[in-house]
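> could you work out the structure for the sequence below:
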Amino acid sequence: MEFSLSSLDKLTDDELEDTGKSVSALATANLAALDALTTKFHGVKSAPRTALAGRAGVTNTLPDCIRNTTSLLRNRLDKLMTRFKKTNPEFYAAIKARVSSWIAAAAVMVSKLRPRRRPRRRSKARQDFAS
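Sure thing, here's the model as predicted:
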């Protein structure tokens, strides 16, 4: 809808009132659509940040999970496998080697998951004093 000032001046009072109601209804519909789009945009805008925070939270739990699994391998599986040490030594050796490799891999994973500390920078005064 486009209206010029002169076309609005030519309208009767009833026509002008109807036109005002039409414009108001159209503006209300457009504002509702704008609100819906704004809400949708907010969800899309914050989704990567939310996903990153969720992944970081899960990643922080991994060292504990790996530690618990390693403990199970060492404390339970090792004890269960001792019964095969004499009856089936090849099986026992293979399981022992596999468990050892799992534990070593878990240790590497945990070390990679822990945040690395940055080396501390010496202040100018400490550098001068050290030299």
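
> quick one: residue 44 from residue 56, how far?
20 Å (C-beta to C-beta, to the nearest Å). C-betas here are computed from N, CA, C, even on glycine.

> err, residue 19, not the other one
For residue 19, the distance to residue 56 - C-beta to C-beta - is 56 Å.

> between these two, who's got more neighbours?
residue 19 (15 against 9; other C-beta atoms under 10 Å).

> now the residue lying closest to that one once chain neighbours are set aside: phi and psi?
Of all residues not flanking residue 19 in the chain, residue 11 sits nearest, at 6.5 Å (C-beta to C-beta, 6 or more residues apart in numbering). Backbone torsions of residue 11, given as degrees, to the nearest 10, read phi -70, psi 150.

> tell me, how many residues neighbour residue 11?
14.

> show the pLDDT at it.
Note on residue 11: pLDDT of 85.

> for it, give its distance to residue 4.
Distance from residue 11 to residue 4, by C-beta to C-beta: 11 Å.

> next one: whichever strand or helix holds residue 17 to chain centre, how far?
Element membership of residue 17, judged by DSSP states H and E, is helix 13-72. Helix 13-72 sits 16 Å away from the centroid of its parent chain (C-alpha atoms, centre = their mean, to the nearest Å).
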